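S.K.: quick check, what structure comes out for this input:
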Amino acid sequence: MASARLRGLSIAILVCQCFPVAFAASQPDLIKVRQAIYNDILPTKSIPGLADFVDNALIHINETCFFDDVNYFDAEGRSWWMTSVHLQRAMLLAIAYSSPLTEHHGNQTVFDKSHCSLAAWIQRDITNSNWWWNDIGIPHIISKTLLLLNDSSLTARASVQLERASLADAANEFTGCNRVWIAMINIIKAVIEENPSGNVTRLQAGYDIAYSAVFTSAQHDDGIQADHSFHQHGPQLYMGWGYGGIFTTNILVISNWASNTTLQMAHSQWETFSSYVLEGQQLATRGSNFDFSASGRLMTYFAEKDQFGIDHGHYHYFAAFTPFAQAVPSFNPPFTTPLGVIFAPLLRNVDPTLPRADELNTFGSCLYAPETCTRPVLSRHFYDSDYVVHQHTDYTMTLRMFSNRTINSECVNSENLQGRDLADGTLTVYHDGNEYSGTYPVWDWKKIPGTTELQSPTLYTCGTTQHVFHTVWVGAASNNKTTMATMDFDRGTELHVYAAKSWILLDNLAIVLIANMSSTGDWPLSTTLNQCQLRSSVEITQEDGTSHVLPPNKSISLRNAQRLWHDNVTYHLSLSDQSSIVNVSTQNRTGSLANITQGNSNPITKAMFLAYFDHGSSATPRSLAYAIEPNTPDSKPLTGVSVLTNTLEAQAACLSQGRVGMYAVARSRSSLQPINGSQAGCWDMLPHTPGIYMLESQSGQVNITINTPLLESRPQVLSLTVYNVQLECKTSNVEYSADTVGKDTLISMTLPKGGYSGWVRC
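M.R.: Here you go, the predicted structure:
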C-alpha cells in the first residue's frame, strides 16, 4: 500500500504542475488544516435529537459491533444505501463523544462503540455496486471518523478503504466535481496518517488536485465553462443543485481550511471560480432555491429524517460533506433546500483576502434573506449549455434547451426516473423560488412547464432518457436585457415529435412561438403553460371578456379562452389565430418519491396548478403563439404585441408599447423572405442569412443584436436589410458595416468564434 500511495502522489503532482500554488505546504500548514477540519466536523450548536439518536444506537449495537436494526443486505441502494446507516452511526457516535455541545461528550462507552463499529466495517470491508460509495462516500466517512477517534492503529487498518480514494485516479480519470471530492478526502487523509513528511506531501497534492479542477474547460468537457455554466458527465448542464453546487460547496470548504496557510488558492484561479459562482450559479437561483432545470438528475433529491430528527440515508449529505452543518442538515424553514442549508453559510464565510469575497458574502446573505436584496435586470444566454436566465427585480424566468452540443438529461442510480423531458424547451417562472418546491413526486412528467410532448400512457424509463435527436438549430441572441431563443425540437425514435420553437424574453413578458408541430402515433400532443404549486385562486377570462374563478380541486377544458391568471402570473392565450383547447386544473395530485428516485413509496399529495394546450392527435402540422406575463397582481389584457409570422421558415413578433422592438428568427437560407412589421409599429426587414435578429428602439437609438444558433459555423457574417430607414451606426462589439442603400440600411456583422451575440448601436 505504501508504494501505491507514493506512486499516486507522484502522478498527482506531475499532472498538476501547470496549476499555480504560491508555496509548498509545511508542517505548520498541516497542523492548521487539521484543526480546521476537526472543528468543521463538529457541530457549532446543540443538535436536538442527537442524544436520543446516540442512545438508540447504543441499544442496537451487538457484541460483534454491528447494529441489529440495520439492513446489511441492501443490494439495490446505489444512492440511498440503507447499509451506510452503520457508518453514519459510527461517525455520529464519534461526534457525540468529541463535541462539548453534546450530552455524551467524553463518554467512554460512546467512544468504544464508535471505535468498534468502525473497526467492524473495516474488517468486513463492506462495499456497494456503485463506485461512488466505494471511492468517495465510504472513504470520506471513515476519514472523518478516524480524525475524531485519533487511533493510528485503526487508521492503518483502514488503508484498503482509504486508498480507494486514489489521487492518481483523481488526476488521470476524474473530472469536475468528482475530482474535487477525491482530492478533499486526501486532504483529510493527510492529517490523520502517521507519516509526517508524507502527510505534508499528500496535503499539498490534495490541494493541487482539487485546484486543478478550477479552470475554464472545453465546451464538451466537464467543469466550469467559458459562459460560467458547469458541466458534468459530458456537456450536460449541472450548474444548480447537483454536481455544480457540490463542486462549489467543496471548493469553499477546502478554501476555508486553507485560510492563513500557503495552501490558499492562487488569486488568478479564484477569479475563475468566483466568476462561475457570481456570473453563473447566482443567476440560476431565486429565493433560496436553484432552478430545477439547471440541477440535473439531483433535482429529485429529498430530505428524510429518522425518528430522532436526524437526516439519514441519502448519500449527498453525511457521506458527501465534511462540515457538520452540511453533513447533518436540519432543513428547518425557511431553509428546506440544499441551497439554503449547504451553500449559503459557506458563501458568508469566504476568506476576506480572496478576490470578490465581499460579493460572495453578499450572495450568501441574499440567500438567507432574499427580501432584503434587489436583483438587477439581466438576461443571459449560457451558450455552452443551451440555457437562458431572464432575471428581473421581481421575478426570474429560465429556459432550458439541448442541441448537438449538449446532453439533454440523464437517469443514473434510479435518480431522475421520469426526467426525460427536462431540456425540451422547459420554461419556468419564479417570484420567490418556491413555486415548484416539493412538487416533483406528484408531477405529470409529460407536462413539464414549457414543453411540447406526446401524451402516451407509457411511463418513462431510464433507458429512454436520451432517445432524442440532437439538432443543430438551437441558440439565442441576447443583449443582457432581452433574449430571443430558438430550438428545433425533435424528439423520439419509436414515437416522433417535432416543433419549431422560439421564445422572446422581454420586460415582464415572455412570448412563445411554436410552428410546424407534428407527431406520430395516436396519442394527443400537448404544450404545458405551467405545473406548479397551487398558491392562489385561478381566474379564467373568456373570449367575450367575462371572468370566473376555478374552484380548488377542479378541472376544466376551455376553447378560445383569452387568458388565465394564477399566483401573479398571467397567461395570454389569444396570440394565435388558430383555436386551441386549454385544460386547466386545480386538483390535488398524489405521487411518491419512488416515482422519481430511489425513495419510499409513501403517498404524497399536493394541490397543484396545471394548465396546458391540448393539440389533439392529428399529424397535420399546427402552430401556436402565447405569452406569459409575470409580476401581475391581477389579470389584464395584453396590448402592444403582434405576431408577425409563425412558420417553419420564420418566426417574428413586434412590441410596440413602451420601447419598440422587433424579434425574428429566420431558419432557412433557401426561403428567406421580408418580414413586415411596419403595420404593427415596427420595421420591415429582410434577413440575408439564417439567424436570430433583434431590433429595439428607445430614446432615438436603434440597437441591433444578432446571433446564429450554428455556433460551429463561426466565424460567420450575418446581415440584414432594414427597409425605409437610414441608420447611422456608431459602436459595436464585433466587426461590422452599415451601408445606406437608397432609403434602406444594409447591416453586416462578423461573429468571431465563440457563442456570444453581436450588437451594434445606431
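S.K.: which elements pack onto the lengthiest strand in the chain?
M.R.: Longest among the strand segments of the chain by residue count, using DSSP state E, is strand 604-616. Secondary-structure packing of strand 604-616 (3 or more Cβ pairs under 8 Å, 6 or more residues apart in numbering; DSSP states H and E): strand 525-533, strand 563-566, strand 581-585, strand 588-591, strand 622-629. Placement of C-beta: from N, CA and C, glycine included.
S.K.: mind listing the helices for the stretch 301-450 of the chain?
M.R.: Per DSSP state H, counting those that start in this stretch, the stretch 301-450 of the chain carries helices over the ranges 324-327, 338, 344-347, 357-368.
S.K.: highest mean neighbour count out of the ones you listed?
M.R.: Sort the helices of the stretch 301-450 of the chain by mean neighbour count, taking mean count of other Cβ atoms under 10 Å, and helix 338 sits at the top with a mean of 27.
S.K.: which other helices and strands contact it?
M.R.: Using 3+ Cβ pairs under 8 Å, 6+ apart, no helix or strand is in contact with helix 338.
S.K.: now do it, average pLDDT.
M.R.: Mean per-residue pLDDT for helix 338: 71.
S.K.: how far does that helix sit from its chain's centre?
M.R.: Its chain's average C-alpha position is 12 Å from that of helix 338, according to Cα atoms, centre = their mean, to the nearest Å.
S.K.: still on that earlier bit, can I get the helices and strands packed on strand 604-616 in CSV including mean neighbour count?
M.R.: Formatted as CSV, those follow (neighbours: other Cβ atoms under 10 Å):
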stretch, mean neighbour count
strand 525-533, 23
strand 563-566, 23
strand 581-585, 19
strand 588-591, 16
strand 622-629, 22
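S.K.: closest to Tyr97 out of the ones you listed?
M.R.: Of all those, strand 588-591 sits nearest to Tyr97, with 41.2 Å by Cβ to Cβ.
S.K.: for that closest one, packing partners?
M.R.: For strand 588-591, the packing partners by 3+ Cβ pairs under 8 Å, 6+ apart come out as strand 604-616.
S.K.: alpha carbons only: can I get the strand it packs on in CSV?
M.R.: C-alpha atoms of strand 604-616 as CSV (Å, rounded to 0.1, in the frame of the first residue of the first chain):
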residue,chain,number,x,y,z
ILE,A,604,-47.5,12.5,-1.1
THR,A,605,-50.5,14.7,-2.0
LYS,A,606,-50.3,18.4,-3.1
ALA,A,607,-52.7,20.9,-4.5
MET,A,608,-51.4,21.8,-8.0
PHE,A,609,-51.9,24.3,-10.7
LEU,A,610,-51.7,22.7,-14.1
ALA,A,611,-52.5,24.4,-17.5
TYR,A,612,-51.8,23.1,-20.9
PHE,A,613,-52.8,23.3,-24.6
ASP,A,614,-54.3,20.1,-25.9
HIS,A,615,-53.4,19.9,-29.6
GLY,A,616,-55.1,16.6,-30.3
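S.K.: reformat the helices and strands packed on strand 604-616 as JSON lines; add mean pLDDT and distance to Gly754.
M.R.: Output for those, formatted as JSON lines (pLDDT from 0 to 100; distance: least, Cβ to Cβ, whole Å):
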{"stretch": "strand 525-533", "mean pLDDT": "97", "distance to Gly754": "32"}
{"stretch": "strand 563-566", "mean pLDDT": "97", "distance to Gly754": "40"}
{"stretch": "strand 581-585", "mean pLDDT": "96", "distance to Gly754": "40"}
{"stretch": "strand 588-591", "mean pLDDT": "97", "distance to Gly754": "43"}
{"stretch": "strand 622-629", "mean pLDDT": "95", "distance to Gly754": "30"}
